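Chemist: below is the sequence, then the predicted model.
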Amino acid sequence: KVKALRCNTTRQINRLDVWIASMLLRPGRATASMLMCIAVFFILGVFVVILMKPAENLFMNSTEAYAWGMQFLGGYGRHPPFTGWIARIWYSVFPATNWSSYALSGVMISVSLFSIYLIGRRVLGLRRATLVVFAMMLYPLFIGARADRFNNYQVLLAALPLMIWLFLRAYEKPTAKAGVLLGLAAAAATLTIYSAVFGLVGVALAAVLRPGRRGFFASPAPYVATAVFPCSTFAARRLAHQQRVLITALGRRLRRRSIPPGLCGHVSRSPFRVARFCPVAPVIALWPWRWRVGDGDAPVADERSLVLVIAGVLVFGPAIVGLVFNVFLKPDWGNSFFFLVPVAVPSLLPKLLVTRRAIAKSAVVAAIFALLLLAGAPVYSWARFKKEPDDGPYRPFVEAAADITRLWRERFHSPLPIIVSGFEVAAPIVFYSTDHPKMFADFNPAYSPWIDYPAELRRKGYVGVCFADDGNCRGYLKSRIRMPSSSISRCSGKCTG
């Protein structure tokens with residue numbers, strides 16, 4: 001009986017493998033099946049984050065993006081506008097709540113995964129592209145505690161793969177239409193964050209260094225893309241509602257600092273700490289499925305040289321810039337730059353066979369991993385709250401926003417107009433307040449181009465909010481905001497105003 005039961009179980013598992021493989025690999029439905037898998041992954045990922053962080057505040061950059069998007073401008077202080085535009089569109093449909101921010105992050109992740117799949121289909125073929133995507137579903141930035149951070153870097157993680165896929169299409173069929181799409185995608189990436197320049201450099205080098213470049217540069221595609229890129233970027237700037245310089249230079253964004261001792265160790269631990277995960281996808285793709293040679297099914301396999309050049313620029317470019325120009329690299333820089341590694345490494349082994357069973361098993365592994373995270377999410381939430389109950393993500397910004405809004409309305413009988421504080425305090429209050437006031441951030445007019453400083457503060461009034469132990473914030477409010485103001489002395493938790 002035991003042997004019969006075991007045989008029956010094996011038979012059922014084999015049937016399931018056959019069904020999964022047929023759904024994912026049948027040419028007519030492969031793309032639709034992958035979209036469905038990504039949609040299911042999106043839903044599971046959103047619920048994982050909701051259960052992991054039921055009592056946490058949103059990541060500061062996510063609330064800051066909401067504050068940007070309250071006004072449709074051509075730029076937001078230190079940052080280009082594309083992230084704020086996305087937030088503006090999204091929150092015009094969905095409410096300003098934690099779950100909607102998590103869902104927006106999930107949309108960015110889904111766009112990134114599908115773009116990686118499209119790149120892999122061209123360079124690796126259907127089977128290995130599918131395997132790579134399921135491996136990427138184990139990526140910590142795509143699911144789990146770090147998948148909730150809607151910010152410039154997460155948007156770039158969606159924009160760069162899409163731009164590279166459009167570049168590969170334009171290189172294969174260099175028409176004017178392909179050039180327009182490539183130019184628009186390049187403009188979108190550039191309007192996300194300045195570090196997108198590494199992607200643009202990688203695409204340019206790949207186009208120039210490839211042996212077949214003559215046919216590409218004899219077509220209209222590169223010239224149309226080159227024309228559309230600055231024109232669309234300039235047109236985006238013209239959408240600004242205020243006539244002022246909204247974006248600072250790249251040099252200011254990359255503030256030059258003296259590099260401390262042990263630079264190489266610092267660089268390897270910050271943006272390149274993501275590299276610890278990057279070998280996982282190639283390893284999954286190569287072991288233990290098959291070591292014998294198989295026929296490649298990539299429709300445009302000769303494009304792998306383009307992908308290798310772009311991946312090399314994205315991975316090593318920031319480190320070279322940091323060393324040559326003595327620039328301090330932010331840890332978040334590396335998060336958007338390693339997505340091509342799981343495609344580039346298997347492309348070096350074009351004849352390696354990936355079986356249909358390997359595809360089915362990878363889908364099952366990704367599903368089990370997501371379900372285990374879903375089941376363990378409440379435990380993670382409980383453990384983290386026990387570790388830091390009164391600090392970090394549990395600061396009472398929700399209660400503070402409610403109290404500040406209520407007290408302002410009781411005193412002035414009008415919606416709360418403006419919050420004055422540092423980014424880390426002002427942005428969450430703007431998000432969680434029912435009035436969603438404007439934000440005068442870091443007491444610097446250059447960082448808040450949506451404020452007509454100082455006339456708007458005098459005309460509408462404002463509330464200054466500081467942590468109880470933040471003497472610098474109090475000093476700024478007294479010395480730099482030089483105008484009469486009504487004070488609100490009550491605030492929840494460790495905030496005072």
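Modeler: Received the coordinates, thanks.
Chemist: now do the contacts for the spatially most central residue of the chain.
Modeler: When Cα atoms, centre = their mean is applied to the chain, the residue found nearest the centroid is Q154 (0.6 Å). Q154 makes contact with 105, 108-109, 141, 335-336, according to Cβ atoms under 8 Å, 6 or more residues apart in numbering. From N, CA and C alone the C-beta is placed, and that goes for glycine too.
Chemist: most neighbours among these, which one?
Modeler: S336 (29 neighbours; other Cβ atoms under 10 Å).
Chemist: from L314, how far off is the residue nearest to the centre of the chain?
Modeler: 16 Å (Cβ to Cβ, to the nearest Å).
Chemist: now V324
Modeler: 17 Å.
Chemist: the two: who's more crowded?
Modeler: More neighbours surround L314 than the other of V324 and L314, with 24 against 8 (other Cβ under 10 Å).
Chemist: dihedrals phi and psi, the more buried one?
Modeler: phi -70, psi -40 (degrees, to the nearest 10).
Chemist: tell me how far it lies from T9.
Modeler: In terms of Cβ to Cβ, L314 sits 45 Å off from T9.
Chemist: on that earlier part again, now the contacts of Q154 as JSON lines including secondary structure, pLDDT and distance to I418?
Modeler: Below are those laid out as JSON lines (DSSP: H, G, I helix; E, B strand; the rest coil; pLDDT from 0 to 100; distance: Cβ to Cβ, whole Å):
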{"residue": "S105", "secondary structure": "helix", "pLDDT": "95", "distance to I418": "28"}
{"residue": "M108", "secondary structure": "helix", "pLDDT": "95", "distance to I418": "29"}
{"residue": "I109", "secondary structure": "helix", "pLDDT": "95", "distance to I418": "34"}
{"residue": "L141", "secondary structure": "coil", "pLDDT": "85", "distance to I418": "34"}
{"residue": "N335", "secondary structure": "helix", "pLDDT": "77", "distance to I418": "32"}
{"residue": "S336", "secondary structure": "helix", "pLDDT": "82", "distance to I418": "33"}
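Chemist: same list (the residues you listed) but as CSV, adding distance to E388.
Modeler: As requested, these are exported to CSV (distance: Cβ to Cβ, whole Å):
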residue, distance to E388
S105, 22
M108, 27
I109, 26
L141, 22
N335, 23
S336, 28
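Chemist: which among the residues you listed gets closest to F412?
Modeler: Checking those against F412 with Cβ to Cβ, the nearest one is S105 at 35.6 Å.
Chemist: spatially nearest residue to A65, not counting backbone neighbours?
Modeler: Among residues not flanking A65 along the chain, A87 sits closest, at 4.5 Å (Cβ to Cβ, 6 or more residues apart in numbering).
Chemist: er, A170 I mean
Modeler: That would be A178: by Cβ to Cβ, 6+ apart, it lies 3.8 Å from A170.
Chemist: now swap in G179 and tell me
Modeler: Nearest non-adjacent residue to G179 (Cβ to Cβ, 6+ apart): V224, at 3.1 Å.
Chemist: repeat for L340
Modeler: Counting by Cβ to Cβ, 6+ apart, the residue nearest L340 is A311, at 3.9 Å.
Chemist: distance of the residue lying closest to R149 once chain neighbours are set aside from I89?
Modeler: Of all residues not flanking R149 in the chain, F59 sits nearest, at 4.5 Å (Cβ to Cβ, 6+ apart). Per Cβ to Cβ, F59 is found 20 Å from I89.
Chemist: more neighbours: which of these two?
Modeler: Neighbours per residue (other Cβ under 10 Å) separate F59 from I89, with F59 holding more: 21 against 13.
Chemist: which helix or strand contains the residue nearest to A170?
Modeler: In the assignment (DSSP states H and E), A178 maps to helix 176-190.
Chemist: V379 now?
Modeler: Short version, using DSSP H and E: V379 is in helix 356-387.
Chemist: what are the buried residues along that helix?
Modeler: For helix 356-387, burial by neighbour count (16 or more other Cβ atoms under 10 Å) applies to 358-363, 366-367, 369-370, 373-374, 377, 380-381, 384-385.
Chemist: got the contact list for F337?
Modeler: 195, 198, 271, 314-315, 317-318.
Chemist: so which helix or strand of this structure has the lowest pLDDT on average?
Modeler: helix 263-269 (a mean of 32; mean pLDDT, DSSP states H and E).
Chemist: low-confidence regions, the protein specifically.
Modeler: 1-5, 236-301, 331-332, 389-391, 480-497 (pLDDT under 70).
Chemist: the closest residue to F198 other than its chain neighbours: neighbour count?
Modeler: Nearest non-adjacent residue to F198, counting by Cβ to Cβ, 6+ apart: G317, 4.5 Å away. Counted by other Cβ under 10 Å, the residues lying close to G317 total 18.
Chemist: just checking, what packs against the host helix or strand of G317?
Modeler: Using DSSP H and E, the element containing G317 is helix 304-324. For helix 304-324, the elements it packs on are helix 98-123, helix 152-172, helix 197-209, helix 263-269, helix 341-347, judged by 3 or more Cβ pairs under 8 Å, 6 or more residues apart in numbering; DSSP states H and E.
Chemist: run through the neighbouring helices and strands of whichever helix or strand comes after the longest one.
Modeler: On the C-terminal side of helix 98-123, the nearest following helix or strand under DSSP H and E is helix 126-136. Under the contact criterion of 3+ Cβ pairs under 8 Å, 6+ apart, helix 126-136 touches helix 2-25, helix 30-52, helix 98-123, helix 280-286, helix 341-347, helix 356-387.
Chemist: pick the most deeply packed of the ones you listed.
Modeler: helix 341-347 (a mean of 24; mean count of other Cβ atoms under 10 Å).
Chemist: let me see the contact set for Y380.
Modeler: Counting by Cβ under 8 Å, 6+ apart, Y380 has contacts 52, 145.
Chemist: swap the cut-off to 10 Å and go again
Modeler: 48, 51-53, 144-145, 373 (Cβ atoms under 10 Å, 6 or more residues apart in numbering).
Chemist: over to G212?
Modeler: Taking Cβ under 10 Å, 6+ apart, one finds 171, 302, 305-306 in contact with G212.
Chemist: just the buried ones from those?
Modeler: 171, 306.
Chemist: for P174, see how far away R214 is.
Modeler: Distance from R214 to P174, by Cβ to Cβ: 11 Å.
Chemist: just D442 next, same as before
Modeler: 46 Å.
Chemist: re earlier: residues in contact with the residue nearest to R149?
Modeler: 53, 65, 101, 105, 146, 148-151, 154, 393, 427-428.
Chemist: which PyMOL command selects the buried ones in these?
Modeler: In PyMOL, this line selects whichever of the contacts of F59 come out buried by 16+ other Cβ under 10 Å:
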select buried, resi 53+65+101+105+148+149+150+151+154+427+428
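Chemist: would TSV of the contacts of F59 with distance to L35 be doable?
Modeler: Below are the contacts of F59 laid out as TSV (distance: Cβ to Cβ, whole Å):
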residue	distance to L35
K53	27
A65	26
S101	23
S105	18
R146	24
D148	23
R149	24
F150	21
N151	25
Q154	20
P393	33
A427	34
P428	34
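Chemist: quick one: which of the contacts of F59 is nearest L457?
Modeler: Checking those one by one against L457 (Cβ to Cβ), the nearest turns out to be A427, at 17.8 Å.
Chemist: verify the contact between the closest one and L58 for me.
Modeler: Yes. Counting by Cβ atoms under 10 Å, A427 touches L58, with 8.8 Å between them.
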